[in-house]
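S.K.: Predicted model follows, preceded by the sequence.
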Amino acid sequence: MGRIVLEKVSKSFGETEVIPALDLTIDDGEFCVFVGPSGCGKSTLLRLIAGLEDVTNGKILIDGEDATSVPPAKRGLAMVFQSYALYPHMSVRKNIAFPLRMAKFDQAEQDKRVAQAAEVLNLTDYLDRRPGQLSGGQRQRVAIGRAIVREPAAFLFDEPLSNLDAALRVGMRLEISELHKRLTTTMVYVTHDQVEAMTMADKIVVLRAGNIEQVGSPLELYRTPRNLFVAGFIGSPKMNLINGSIAAKHNAATIGIRPEHISVSSDAGDWPGKVGVSEHLGSDTFFHVTCEGITDPITVRVGGEVDLHYGDTVFLTPASDHLHKFDDKGLRVE
Amino acid sequence: MARAVSIRRKSITTAAAWALGLMMFFPILWIAILSLKTEGDAIRAPIEVLSSVWTFESFGAVQERSDYLKHFTNSVVISFGSTFLGLLIAVPAAWAMAFVPGKRTKDVLMWMLSTKMLPPVGVLVPIYLIFRDAELLDTRIGLVFVLMMINLPIIIWMLYTYFREIPGEILEAARMDGASLREEVFFVLMPMAIPGMASTVLLNVILAWNEAFWTLNLTAADAAPLTAFIASYSSPEGLFYAKLSAASIMAIAPILIMGWFSQKQLVRGLTFGAVK
Amino acid sequence: MATQHSRAAARLMISPAVLLLLCWMLIPLGLTIYFSFLRFNLIMPSGNEMVIGVFGHGLRVPGPEDFSGWENFYWFVTDPSFQAAIINTLVLVGGVLFITVIGGTLFALLLDQPMWGQGIVRILVIAPFFVMPTVSGLVWKNMFMNPVNGIFAHLAIGLGLEPFDFFSQAPLASIIWIVSWQWLPFATLILLTALQSLDQEQLEAAEMDGANWINRFFFVMLPHLARAITVVILIQTIFLLSIFAEILVTTNGGPGTATTNLTYLIYVSSLLQFDVGMGSAGGVIAIILANIVAIFLMRMIGKNLDA
């Protein structure tokens, strides 16, 4: 069980309010990702749930019980830190067994659970090494191992992949998703990388300056961003945002159109423009097209290999059913 | 990147540096030599001293004349006792300041250091009188307490700088893993800080071992450590070069060895981190 | 990173240290100030005894009836030996600082050069710092500076010269010499540490810019060392103001008051002449002097704490 409910939770450091009162429910078994730019309060929110910081106001319920003033050790949560926070003076085995030792499990049970975790995480051969002798990915797995042995109500991940190189990150992303499917335990995951959020989450919480901008499944956020911030933050490459007279034509202050929802033609279309820099990824090609009357270049996705070159004239046409409209306050209008 | 240095230049600097090193070390070397001579040979001209017979008799004589071992024991008890007692009080304080810093942490730390700047002679009389009336004069326990107090700011300071290098996330991880405060300090913080704590102990034992203001003023015979024991050789009747040398060598040898191991920490501890 | 739990724990854990240091500072300091305004002689008690409870035994001191105003300060300051002590203290501190800072800088520059056996040389150079003050005082006095049996006397005779009686003819200079020998390693070690933290690329850049060795020293190394030199000066001053054992075992402050510094003078008035009032007045003056230095030192340490 691991249902976490935040009721009117707020946090101030002295005079500065980092998180204005917010409500949030994370259901049992859910993979919930907090995403937002750095300094948006996502890590602070996680630390509030962990109990490593006091909430200034409001309540935190874990499985229906008020945990607001329960110390971290007693909340039944496990956390994987950004730096992994492995105990450098203990072997991998001792690291993983530490929470069990603190919970006074007997030696046989400790050994059994450590062996199980090591098996799951491919660490069996490394149990007697020190963290200093492991690679980044292995350390990451030890940190996860230390979290799973205690069978916590929920796992908290604080940007766990940010210290890994790009290739390892993709692998670990899959491993963590896999682990979630297998354990079906609640996971709360903090990241600044929207790709991680999109690929792993059941539920994404987009944060900016301590405020929740939108909560929803990855596809909900992708299809119906509630405001300009979410529209610009979710999706890669970014959604094209156009204001001015072109937006006015659609009765909006700003319109947004994703690169994949624009068709390209060499002889006719809504927005004539000149091809700028192009990025060939093989499966897809992204063109940056400078259009008349639009300040920023428009990014367009074209499938496969297309014979367009720098300086060519093209015509872009947005798919009208995928057009996002926003009012002058940046909120979505239907 | 290092460049090749001409052999000639390296030879010259080597010769100069060694000459300098030997010059600085010479007084210690010389008493080591004199301690192995007879009383009669020790006062001769240097060349004659070197060519005279070698003997260990002075070392035995020192023990017989003034019970060297008693004073050595006093020194050990006082320097290690004051250091460990200090550690007991300093570890929690340094933990608090390093891992739960507040608005006033810096001020508290600076204030603690400032107590170290108080000249001992400024408080000599009250301490002496308190010791007299509390019957602590010439007792080991009294000296242990005084030396612990004068070194406490340094111990706290050093531990604080070492603790600060330990990432707070590791202690938070321990807390998340269900460790109590006591378990957090004993199982995670202290094992990680062992090198730092060892250096702290080393430096403070050295400082306490060589402390020569309080030890001279607050002891007479019973609790006198080696500093005071050596001072007793300053009276004219004690002018025995070989014995004085033997006593001196025995007094400084243990600490000289410890000191050589603590070179790096010495800088950190004595400059309060102002020079790294 | 703090929660109420951890903050409460922190307060609890820091309090023993704070309380002890507070007592250690305030009780003796308060008593010193109190005594300095009393007529208080240990062998001539006035009979106005008062008992302050300390350690359950009670501290016997004169009551406020013996108040003497600024008398102690007046007599202490106008005593010719006070002036001598102040001058001796300044000469001693200044002389040792001069020798150790200049010498320490040169030593550090030399030890920073590539050489064979650097580690051993370092050990040899810093060894004197670990020698207890009473030992270095006695060893220099007897084995080196003694006009009959000392090495210097033997050398002088060997060269056909008259042996020099260091402690009667240049007592203060002799003490400065001994203390400098003890503190040179400290200055050298700290300046060497600072020198080794100098970015080599800075020196190489200066070299590319056409600076010769002397220019590099004055425009790159010395500014880099300035901070460390200041720290050496301040810390040594704190310790040098309290020089005691070296004087006690060599000259006992003499001949006359030639080697009596402030610390030794206070020791003489309070523990040898038993005039606690006078000694305490001296103590208050010593505290004020030390505080002037301490303020500067604390400022430097404080700045470093923020970094």
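M.R.: Perfect, I can see it now. Numbers count the residues shown, from 1 in each chain, chains lettered A, B, ... in the order given.

S.K.: Now for the residue nearest to A:Glu292 when sequence neighbours are not counted: which residues touch it?
M.R.: Of all residues not flanking A:Glu292 in the chain, A:Pro272 sits nearest, at 6.1 Å (C-beta to C-beta, 6 or more residues apart in numbering or on different chains). Bear in mind the C-beta positions are built from the backbone N, C-alpha and C, glycine included. Neighbour list for A:Pro272: A:291-292, A:313-316 [criterion: C-beta atoms under 8 Å, 6 or more residues apart in numbering or on different chains].

S.K.: Torsion angles phi and psi at A:Pro272?
M.R.: phi -70, psi 150 (degrees, to the nearest 10).

S.K.: Likewise for A:Ala154?
M.R.: phi -160, psi 150.

S.K.: three-state assignment of the residue in the stretch 1-150 of chain B positioned nearest to chain A?
M.R.: Across the stretch 1-150 of chain B, no residue is closer to chain A than B:Lys103, which sits at 8.7 Å (C-beta to the nearest C-beta). Of the three states, B:Lys103 takes coil under DSSP: H, G, I helix; E, B strand; the rest coil.

S.K.: likewise A:Val9?
M.R.: When classified by three-state DSSP, A:Val9 comes out as strand.

S.K.: Work out for me the element the residue nearest to it when sequence neighbours are not counted sits within.
M.R.: Counting by C-beta to C-beta, 6+ apart, A:Val9 lies nearest to A:Gly58, which is 3.6 Å off, once chain neighbours are set aside. Per DSSP states H and E, A:Gly58 falls inside strand A:57-62.

S.K.: mean confidence score for that strand?
M.R.: The pLDDT scores in strand A:57-62 average 91.

S.K.: re earlier: now the residue of the stretch 1-150 of chain B closest to chain A: how far from C:Arg7?
M.R.: 11 Å (C-beta to C-beta, to the nearest Å).

S.K.: Looking at the two now, which is surrounded by more residues?
M.R.: Legend: neighbour count by other C-beta atoms under 10 Å in any protein chain shown for B:Lys103 and C:Arg7, higher for C:Arg7 (14 against 7).

S.K.: Please list all residues in contact with the more buried one.
M.R.: B:100, B:102.

S.K.: how about it, secondary structure?
M.R.: Applying three-state DSSP: C:Arg7 is helix.

S.K.: quick one on the thing from earlier: can you check what pLDDT the model gives the residue nearest to A:Glu292?
M.R.: In this prediction, A:Pro272 has a pLDDT value of 88.

S.K.: Where does residue 12 sit: helix, strand or coil?
M.R.: This is for chain A. With three-state DSSP as the basis, A:Ser12 sits in strand.

S.K.: For it, give the beta-bridge partners.
M.R.: Beta-bridge partners for A:Ser12, by DSSP bridges, are A:Glu17.

S.K.: I'd like the distance between it and chain B.
M.R.: In this view, A:Ser12 and chain B are 15 Å apart by C-beta to the nearest C-beta, to the nearest Å.

S.K.: Neighbours of that residue, how many?
M.R.: 14.

S.K.: Pretty sure it sits against A:Val18.
M.R.: Yes. With contact defined as C-beta atoms under 8 Å, A:Ser12 counts as touching A:Val18 (6.7 Å).

S.K.: So which residues on the stretch 51-200 of chain B come close to chain A?
M.R.: By the rule C-beta under 8 Å from any C-beta of the partner chain, the part of the stretch 51-200 of chain B lying against chain A is B:167, B:169-170, B:172-180, B:183, B:187-188, B:191-192, B:194.

S.K.: Now the buried members of those.
M.R.: Neighbour counting over those (16 or more other C-beta atoms under 10 Å in any protein chain shown) leaves B:169-170, B:172-179, B:183, B:187-188, B:192 as the buried ones.

S.K.: Count the neighbours of the residue of the stretch 101-250 of chain A found nearest chain B for me.
M.R.: The minimum distance from the stretch 101-250 of chain A to chain B, using C-beta to the nearest C-beta, falls at A:Met102 (4.0 Å). The tally of other residues near A:Met102 (other C-beta under 10 Å) stands at 19.

S.K.: Which residue is the nearest non-sequential neighbour of it?
M.R.: Using C-beta to C-beta, 6+ apart and skipping the chain neighbours, the partner closest in space to A:Met102 is B:Gly178 (4.0 Å).

S.K.: and what of C:Thr193?
M.R.: B:Val267 (4.8 Å).

S.K.: tell me the average confidence for the strand or helix carrying that neighbour?
M.R.: Remark: B:Val267 resides in helix B:263-270, with elements defined by DSSP H and E. For helix B:263-270, mean pLDDT rounds to 72.

S.K.: Also stretch B:131-148?
M.R.: The model assigns stretch B:131-148 a mean pLDDT of 86.

S.K.: mind checking the end-to-end distance for it?
M.R.: 15 Å (C-alpha to C-alpha, to the nearest Å).

S.K.: That stretch close to chain C?
M.R.: Yes. Interface with chain C: stretch B:131-148 contributes B:133-136 (C-beta under 8 Å from any C-beta).

S.K.: Which of those ranks first by neighbour count?
M.R.: B:Leu136 (20 neighbours).

S.K.: As a check, name the ranges of all strands in chain B.
M.R.: For chain B, no strands turn up when DSSP state E is the criterion.

S.K.: which sections of it are below the confidence cut-off?
M.R.: Where chain B drops to pLDDT under 70, the residues are B:1-4, B:235-239, B:272-276.

S.K.: OK, contacts around C:Phe35?
M.R.: Contacts of C:Phe35 by C-beta under 8 Å, 6+ apart are B:125-126, C:61, C:276-277, C:279-280.

S.K.: Quick check: phi and psi at the residue of the stretch 1-150 of chain B closest to chain A.
M.R.: Torsion angles, degrees, to the nearest 10, at B:Lys103: phi -60, psi -30.

S.K.: just C:Ser197 next, same as before
M.R.: Note on C:Ser197: its backbone torsions stand at phi -90, psi 0 [degrees, to the nearest 10].

S.K.: Same check on A:Asn243?
M.R.: Torsion angles, degrees, to the nearest 10, at A:Asn243: phi -120, psi -170.

S.K.: That one contacts A:Lys249, doesn't it?
M.R.: No. With contact defined as C-beta under 8 Å, A:Asn243 does not count as touching A:Lys249 (11.3 Å).

S.K.: So between these two, which is more surrounded?
M.R.: Neighbour tally, A:Asn243 and A:Lys249, criterion other C-beta under 10 Å: the higher count belongs to A:Asn243, 17 against 10.

S.K.: For that one, give its distance to A:Asp270.
M.R.: Between A:Asn243 and A:Asp270 the distance, using C-beta to C-beta, works out to 16 Å.

S.K.: The stretch 151-300 of chain A: strands as residue ranges?
M.R.: If DSSP state E, counting those that start in this stretch is used as the criterion, the strands of the stretch 151-300 of chain A fall at A:154-158, A:186-191, A:203-208, A:211-216, A:240-243, A:254-257, A:262-265, A:271-280, A:284-291, A:298-303.

S.K.: Any chance of those strands in CSV with distance to B:Ala17 as columns?
M.R.: Below are these laid out as CSV (distance: least, C-beta to C-beta, whole Å):
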stretch, distance to B:Ala17
strand A:154-158, 52
strand A:186-191, 56
strand A:203-208, 61
strand A:211-216, 65
strand A:240-243, 69
strand A:254-257, 72
strand A:262-265, 75
strand A:271-280, 61
strand A:284-291, 65
strand A:298-303, 66
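
S.K.: what's the closest of those strands to C:Val220?
M.R.: strand A:154-158 (43.4 Å; C-beta to C-beta).
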